[in-house]
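[1] please find the sequence and the predicted model below.
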Amino acid sequence: MISASAFAKGFGETGLCAALVLALAVTSFAQEAPQLRDNRVTINAGITWLGGYDVGTSTAQLRGNGTGSTAPPFTLFKADSHFSTATAPELRVGVSLTPRLTIEGGASLSHPRIGVSITGDPETVVQELRGEELQQYVFDGGLSWQPPIQMGRRLAPFVIAGAGYLRQLHEDRTLAETGRIYYAGGGARYWLRGGHDRSRPIGLRSEFRINVRSNGIDFEDKMRTYPTFLAFVFIGL
Amino acid sequence: MTRLVAITTALLLTLGSSSPLAYLKLGATLDGRVIDATWRQQPIGYFISERDGTGVSAVDLRGAVDRAAATWSDASSGMVRLSYQGMTTAAAEGTDGRNTIGFLDRPDLDRVLAATSFMIDVTTGAIYEADIFFNTSFVFSVAADGQPGRVDLESVALHELGHLLGLGHSGIGETERTAGGYRVLGSGAVMFPIALTPGAIADRVLQPDDIAGISDLYSGATAVIDTGGIVGRVTKNGQGVNGAHVVAFNPETGILIGNFTLSDNGDFVIARLPPGPYILRVEPLDDADPESFLGTPVDANFQVTYAPRMVVAPHGGSSSPIEIRVLPK
């Protein structure tokens, strides 16, 4: 095994030597940590938990009664909105470009609810509306990379980033709004089987992501950030 | 054989009060169903009475009416066209086959700024004649930025031309009671029955509620496909509420468009909405005399209530019906 100190020393001498040592180092870690088989397909099936987030405040305003064209508006009421947390079944298919780099695509269907709080209505008290339940589809693609960090013979971390298409269908199912999702995160895979040889890998995967959503249903047409936590069973084909 | 019956109604824009006989859309009842009152021929010609008003001239009135007519035409995507035909010595009243707009002495109507009268074929809903008078009891202005203490003539003309085209009064507005009438706190439609304070010029610009109304009356095929509707029912103790005002608010665009329940079963329709989700607010008709909106008794004994969920107006169709249950005050 090439030690960390040897790696540092080699890097300090010549570029050619550094590249050689780096390659050896990666190979060395790979011998310990499990990996997906390159050029093979991996199926991931599991559950995604989506965090809730605000989608803005909108104010119903009437034109105020004053001279000129810019009289202060009269507030009829304010509506604060919030996406509830939700869980969704999710299926992801990945192809290992290398043992550490995987390109993957996924699809999920969730049913978050938009709750609305009415405030500022001079003729009634604060009201919490039940809101409406959406059908929310996300189709995404991303890259995951397994860094050369050793966490045992069965466990390996990874980082992931990608982008997706968002489709939100209102409760009446008569109107859809679309948007985009960008995400980055990380997690770990735990191999129940395989990871070091040619046998079919089977394992568990969990990850945490931070998502940035643009467009879609939003009272203020702003980008929104929300977390997701994903848990899968994966199997290599 | 066609049976023609001429009727005359009057719609009044008032200063701090309100008057009877109005609907969101004017209509004629035939065999138990209501037919929209509309002009069947375009352009709609009008004459300006030569008489000067208080603070403004007949020429000023023509200019204000021309601008207001252009505003309605633009809002209807050209489906409505009003055409100036010339000056006339005739007064803006009576039945002479001409649409006449002008000033008139009506000291008896001490809170009425202007009014529109019609002759309608009640078998078809076709409007044959309409006159608009502006009350010389009030001092008007055509100043570009308004003039404190004077009523903006173009704003009033825009409201009255809305009646001439077949629109009734809108309920989107909030008022407070004053001695002898109401004072507007906020208005969401040019067609609200009570005028803004003298000097205000905000009513020179049509609001989404006004545009939805004119689109509903004179819509082309494109407007039908590009807009949607919300249907529902307002109930109290299981019974329909007549005369409830339902306002649809789109939180993504901020627009407000309203309509009324027009029968004892409490049904309502809000048409020509830009597609999207809407918050529905139901309120009693207590911001003006109820008779200024509907010609029938209304139930105003209930609390302001919101629909339990947002309702979507789809492209070219209507929402699934929603029931909004209100509680007595």
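    That came through, no problem. Numbering: from 1, shown residues only, chains lettered A, B, ... in the order given.
[2] ok, which residues in the stretch 201-329 of chain B are in contact with chain A?
    By C-beta under 8 Å from any C-beta of the partner chain, the residues of the stretch 201-329 of chain B that approach chain A are B:201-202, B:207, B:247, B:249, B:251-252, B:254, B:256, B:275-277, B:279, B:281, B:283, B:303-315, B:317, B:319-320. All C-beta atoms are positioned from the backbone trio N, CA, C, and that covers glycine.
[3] buried members of those residues into PyMOL, please.
    Of those, the buried ones can be selected in PyMOL as follows, counting by 16 or more other C-beta atoms under 10 Å in any protein chain shown:
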select buried, chain B and resi 201+202+207+247+249+251+252+256+275+276+277+279+281+283+304+305+306+307+308+309+310+311+312+313+314+317+319
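[4] would you map the strands across the stretch 51-200 of chain B?
    Ranges of strands within the stretch 51-200 of chain B are B:82-88, B:100-104, B:112-121, B:127-135, B:140-141, B:151-152, B:173-178, B:181-187, based on DSSP state E, counting those that start in this stretch.
[5] what's the neighbour count on A:Val138?
    Neighbours of A:Val138 under the rule other C-beta atoms under 10 Å in any protein chain shown: 25.
[6] could you export the host helix or strand of it as CSV, CA atoms only?
    A:Val138 belongs to strand A:135-145 when assigned by DSSP states H and E. Only the C-alpha atoms of strand A:135-145 are listed here, as CSV (Å, rounded to 0.1, in the frame of the first residue of the first chain):
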residue,chain,number,x,y,z
GLN,A,135,-49.7,15.7,-8.1
GLN,A,136,-46.0,16.5,-8.5
TYR,A,137,-43.8,14.7,-10.9
VAL,A,138,-40.0,15.1,-11.1
PHE,A,139,-37.9,13.6,-13.8
ASP,A,140,-34.2,14.3,-13.3
GLY,A,141,-30.7,13.3,-14.4
GLY,A,142,-27.5,13.6,-12.5
LEU,A,143,-24.0,12.4,-11.9
SER,A,144,-22.8,10.7,-8.7
TRP,A,145,-19.2,10.3,-7.8
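[7] ok so, going back, rebuild the strands of the stretch 51-200 of chain B as CSV, extending it with mean pLDDT and distance to chain A.
    Below are the strands of the stretch 51-200 of chain B laid out as CSV (pLDDT from 0 to 100; distance: least, C-beta to the nearest C-beta, whole Å):
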stretch, mean pLDDT, distance to chain A
strand B:82-88, 96, 24
strand B:100-104, 96, 23
strand B:112-121, 88, 15
strand B:127-135, 93, 20
strand B:140-141, 96, 11
strand B:151-152, 94, 10
strand B:173-178, 88, 6
strand B:181-187, 88, 3
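[8] switch those strands over to JSON lines; also include mean neighbour count.
    Below are those laid out as JSON lines (neighbours: other C-beta atoms under 10 Å in any protein chain shown):
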{"stretch": "strand B:82-88", "mean neighbour count": "15"}
{"stretch": "strand B:100-104", "mean neighbour count": "25"}
{"stretch": "strand B:112-121", "mean neighbour count": "23"}
{"stretch": "strand B:127-135", "mean neighbour count": "25"}
{"stretch": "strand B:140-141", "mean neighbour count": "25"}
{"stretch": "strand B:151-152", "mean neighbour count": "26"}
{"stretch": "strand B:173-178", "mean neighbour count": "16"}
{"stretch": "strand B:181-187", "mean neighbour count": "21"}
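[9] tabulate those strands (TSV), appending distance to A:Tyr182.
    As requested, those are exported to TSV (distance: least, C-beta to C-beta, whole Å):
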stretch	distance to A:Tyr182
strand B:82-88	52
strand B:100-104	59
strand B:112-121	56
strand B:127-135	56
strand B:140-141	55
strand B:151-152	50
strand B:173-178	43
strand B:181-187	40
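[10] so which of those comes closest to A:Arg130?
    Checking the strands of the stretch 51-200 of chain B against A:Arg130 by C-beta to C-beta gives strand B:173-178 as the closest, at 26.1 Å.
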